[in-house]
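> Next one to model:
(chains A, B, C and D)
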There are 2 protein chains.
Amino acid sequence: MSTPFANVHKELAELLPEALLAACETRRAKKGERLFLAGTKPICMFYVGSGEVVLERLGRQGEVVVLQRARHGFVGEASLQSARYHCDARVVVNAEITTVEMAPLLAAMAHDAAFSARWIRMLNAELRRLRLQCERLALNRVQDRLLHLIETEGQGGRLPLAAGLKSLAGQLGVTHEALYRCVAGMEKSQCLRREGAALVWLAGDAIVV
Amino acid sequence: MSTPFANVHKELAELLPEALLAACETRRAKKGERLFLAGTKPICMFYVGSGEVVLERLGRQGEVVVLQRARHGFVGEASLQSARYHCDARVVVNAEITTVEMAPLLAAMAHDAAFSARWIRMLNAELRRLRLQCERLALNRVQDRLLHLIETEGQGGRLPLAAGLKSLAGQLGVTHEALYRCVAGMEKSQCLRREGAALVWLAGDAIVV
DNA sequence: CGTACTTTTGAATCGCATCAAATCTGGTGG
DNA sequence: CCACCAGATTTGATGCGATTCAAAAGTACG
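Have a look, this model is predicted:
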């Protein structure tokens, strides 16, 4: 094994310079744990290696709004230079979380241009993913949103469901009842199947006008 | 005047290093002009100094989906290291557009850590704005979306409307009819007023809960 | 075995999309 | 200046789809 940091996720090892990898700490976080809370000052950055973490905010009526569902990658990276977090991060599926301190991260960026470039590339990817999320939420039928998600985030029509349909409903911005009904209807129409913890889209394009 | 690049927007002058500012070209773009098209290769980056530009994609049924409405700042910055654009940029209000070539921009980042840091800060701000946009689209009533927009992007309850309500409707992900009705109803309820090309929210909190 | 949570189905209601049509607006050319 | 046109604005009627409230059944976990 070439890298001495076997405990760190491969993607992370390719992103961070070695000096930072040495300062990483990986631990297991249990369902329900909060990585950070809105309003608190960012000290560390959190990388999700496995499991699932959601970013959420409380709406004005106290309802929970899911901003992001992360099964992979950084959460709260937009708060890198911020005075405080703008949302909560909650673990919804037992996860491996790698923690990197903010200060050495910023220091590394200041003198490692290649690292900055990789970080910018990551942010760009996140921006594109978020634009797709907006595009998805602009669709007004549940089925359209679900198909859009499968197309853009699935692999070959297969969408992993680590935390169940209810969590997915939150990400799609619909009630869980509506999503259950949508999935049931599509299964009946032979265009979707549930395979364990995944949704599989069957290529019959009866739906695609 | 201290900077020799008076033709460049102040915000841009503070972001880019001097060598890049010299390579910028600012021009006027007319309503209807396309800055770039989805699928084409990014050569330049575009900064909107005034006017209004929308990023949009065609949905599967050919309907136009507005991804972003920019009156200020870069458009398509997520395509910095991409092989091709993932959406179209269309001028909807006559605009001042500053063009920066991609190659020198990337070169500057490679050896100017402070510039990279500023660029990252800009991307982070864009990420947060996009997360708010997702939060907004997750609301299911037109009025909630409009108030959310006024709260997050307005200045003191005042939201500029450079391109009319129809353009705004696209950004909110609703039909223009629905938005017209919503605004009319709120004006009748004394909680919103139209002042020329702006919407002003009147602090009567009859709406909030 | 009980508790908490997800999953599932049902019925009633509400808000938006849709289709349609009329009016208003700014800009162009006669 | 006026006729004219394209696009934005406005109002109306109808239907669909999601929300909402409610309740029951399944499931994981201590």
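
> alpha carbons only for contacts and neighbour counts from here, please
Fine.

> doesn't residue A:176 make contact with residue A:166?
Yes. The pair residue A:166 and residue A:176 passes the contact test of CA atoms under 8 Å, sitting 5.3 Å apart.

> And the contacts of stretch A:32-44?
Contacts of stretch A:32-44 with the rest of the structure, by CA atoms under 8 Å, 6 or more residues apart in numbering or on different chains, involve A:46, A:57, A:79-80, A:82-92, A:99-103.

> hmm, 7 Å instead?
A:79, A:83-92, A:99-102 (CA atoms under 7 Å, 6 or more residues apart in numbering or on different chains).

> Could you list the low-confidence segments of chain A?
Along chain A, the model assigns pLDDT under 70 to residues A:1-7, A:59-62, A:203-209.

> for it, what spans make up the strands?
A:25-29, A:34-36, A:44-58, A:64-70, A:73-75, A:88-101, A:158-160, A:192-194, A:198-201 (DSSP state E).

> what residue is smack in the middle of chain A?
Nearest to the mean C-alpha position of chain A, counting by CA atoms, centre = their mean, stands residue A:70 at 1.7 Å.

> Please name the nearest non-neighbouring residue to it.
Nearest residue to residue A:70 in three dimensions, chain neighbours excluded: residue A:53, at 5.2 Å (CA to CA, 6 or more residues apart in numbering or on different chains).

> which residues touch the one you found?
A:69, A:70, A:71, A:89, A:90, A:91, A:92, A:93.

> Neighbour-wise, give me the winner out of those.
Neighbour tally across the contacts of residue A:53 (other CA atoms under 10 Å in any protein chain shown): the maximum, 27 neighbours, falls on residue A:89.

> in terms of contact, does that one touch residue A:54 like I think?
Yes. With contacts counted by CA atoms under 7 Å, residue A:89 reaches residue A:54, the gap being 5.6 Å.

> Stretch A:154-172 close to chain B?
No. Applying CA under 7 Å from any CA of the partner chain, one finds stretch A:154-172 separated from chain B by no less than 8.0 Å.

> got a list of contacts for that stretch?
Stretch A:154-172 is contacted from outside by A:66, A:68-69, A:92-93, A:137, A:145, A:150-151, A:175-176, A:179, A:197-201, using CA under 7 Å, 6+ apart.

> Would you show me how to pick out the buried ones of these in PyMOL?
Burial among those is assessed by 16 or more other CA atoms under 10 Å in any protein chain shown; the matching PyMOL selection reads:
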select buried, chain A and resi 66+68+69+92+93+137+145+150+176+179+198+199+200+201
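
> Show me the subset of the contacts of stretch A:154-172 that also lies near DNA strand D.
A:175, A:176 (CA under 7 Å from any atom of the strand).

> Leaving out the residues flanking it, which one is nearest to residue A:125?
residue B:78 (7.1 Å).

> Now do the contacts for residue A:135.
Counted by CA under 7 Å, 6+ apart, residue A:135 has contacts B:65, B:67.
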